[in-house]
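Chemist: sequence-free structure coming up:
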Ligand code: SF4
């Protein structure tokens, strides 16, 4: 079961494609070359978290959908 929910801040995304490379069933680049979430259950929680942590501009937030805890970014 997918526990982690990811969100992209379109104002921060620079369209580098890293998240799509790491979790291509979850993220895709839209017509403006900005990442968007297409399926919260497309990839494993590990892959989604890794994608969030690998975003060079910190545009991806990862939240535990059960507890509500923000897993990334770490404060
Ligand atoms: Fe955008 Fe970050 Fe994904 Fe790169 S890794 S496409 S900057 S959200």
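Modeler: Cool, got the structure. Not measured: the values here are computed from a predicted model.
Chemist: Show me which residues of this protein are close to the ligand?
Modeler: With Cβ under 6 Å from any ligand atom as the criterion, the chain comes near the ligand at residues 8, 13-19, 35, 55-57, 59-60. For the C-beta atoms, the positions are set from N, CA and C on the backbone; glycine is no exception.
Chemist: Keep only those of the residues you listed that are in strands.
Modeler: 8, 35, 60 (DSSP state E).
Chemist: If we ignore the residues flanking it in sequence, what's nearest the last one?
Modeler: Spelled out, that is residue 60. Among residues not flanking residue 60 along the chain, residue 52 sits closest, at 3.9 Å (Cβ to Cβ, 6 or more residues apart in numbering).
Chemist: helix, strand or coil for the one you found?
Modeler: What DSSP: H, G, I helix; E, B strand; the rest coil gives for residue 52 is helix.
Chemist: before we move on, what about residue 42?
Modeler: From three-state DSSP, the assignment for residue 42 is coil.
Chemist: Contacts only, for residue 73.
Modeler: Residues in contact with residue 73 (Cβ atoms under 8 Å, 6 or more residues apart in numbering) are 52, 58, 61.
Chemist: cool, and residue 42?
Modeler: Counting by Cβ under 8 Å, 6+ apart, the residues that residue 42 touches are 23, 24, 25, 26.
Chemist: same check, this time on residue 7
Modeler: 37, 60, 61, 63.
Chemist: quick one: pLDDT of the nearest residue to the third one once chain neighbours are set aside?
Modeler: Going back to what we said before, that points to residue 61. If you skip the residues right next to it in sequence, residue 61 has residue 7 as its closest partner in space, 4.7 Å away by Cβ to Cβ, 6+ apart. pLDDT for residue 7: 98.
Chemist: Pick the one among the ones in strands among the residues of the chain next to the ligand closest to the ligand.
Modeler: Of all those, residue 35 has the smallest distance to the ligand: 3.8 Å, by Cβ to the nearest ligand atom.
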